[in-house]
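Asker: Build the 3D model from these lines:
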Amino acid sequence: MYEQKTKETDESVVEFIEKVESPKKREDAYRLIQMFTEVTGFEAKMWGPSIIGFGAYHYVYKTGHEGDAPLVGFSPRKAKISLYFAPGDPAREALLEKFGKHTTGKACVYINKVDDIDIDVLEELVRQSVSFLQSLYPEKK
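Answerer: Predicted coordinates for the structure are as follows:
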């Protein structure tokens, strides 16, 4: 049976950030927490050992694989800051064209520092990702 690796934990977000070696990455992490919290309305929670997530959704794939994940999040990693948005969101690419200096992976967008990007576009990426995931995986009441 598959065991999901990245789960929400009770670990302290502040303690995690304070362990980040780079003072600039720590400063950026606090800026991102403030912005993600304001835009999503969710408080920051640790997901696994290194992802700071906001909100959550339960997904079920066609294969039957299912699990929980944060709606959006980020991780101040050693090399770059990883930003986590909805995979498969068709609106993401157009927003990324105006985003600033970044690279992309399947679900991640990587930045060196917050000063390299347009914060207004980041706010829109966060809003769009949350909206996309909540429409794709509505909460069951």
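
Asker: Could you use CA atoms for every contact and neighbour count after this?
Answerer: Fine.

Asker: residue contacts, residue 43?
Answerer: Neighbour list for residue 43: 37, 54-55 [criterion: C-alpha atoms under 8 Å, 6 or more residues apart in numbering].

Asker: same check, this time on residue 107
Answerer: Shown in contact with residue 107 (C-alpha under 8 Å, 6+ apart): 84-88.

Asker: List buried residues within those.
Answerer: Among those, those scoring as buried are 84-86 (criterion: 16 or more other C-alpha atoms under 10 Å).

Asker: Would you mind giving these as CSV with pLDDT added?
Answerer: Shown next, in CSV, are these (pLDDT from 0 to 100):
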residue, pLDDT
84, 95
85, 93
86, 88
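
Asker: Which of the residues you listed fall in helices?
Answerer: The helices, defined by DSSP state H, take in nothing from the buried ones among the contacts of residue 107.

Asker: quick revisit: selecting buried members of the contacts of residue 43 in ChimeraX, what would you type?
Answerer: Only the buried entries of the contacts of residue 43 go into this ChimeraX selection, using 16+ other C-alpha under 10 Å:
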select :54,55
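
Asker: quick one: which of the contacts of residue 43 is nearest residue 100?
Answerer: Residue 100 has its nearest neighbour among these in residue 37, at 21.7 Å by C-alpha to C-alpha.

Asker: I'd like the distance between that closest one and residue 67.
Answerer: As judged by C-alpha to C-alpha, to the nearest Å, residue 37 and residue 67 stand 23 Å apart.
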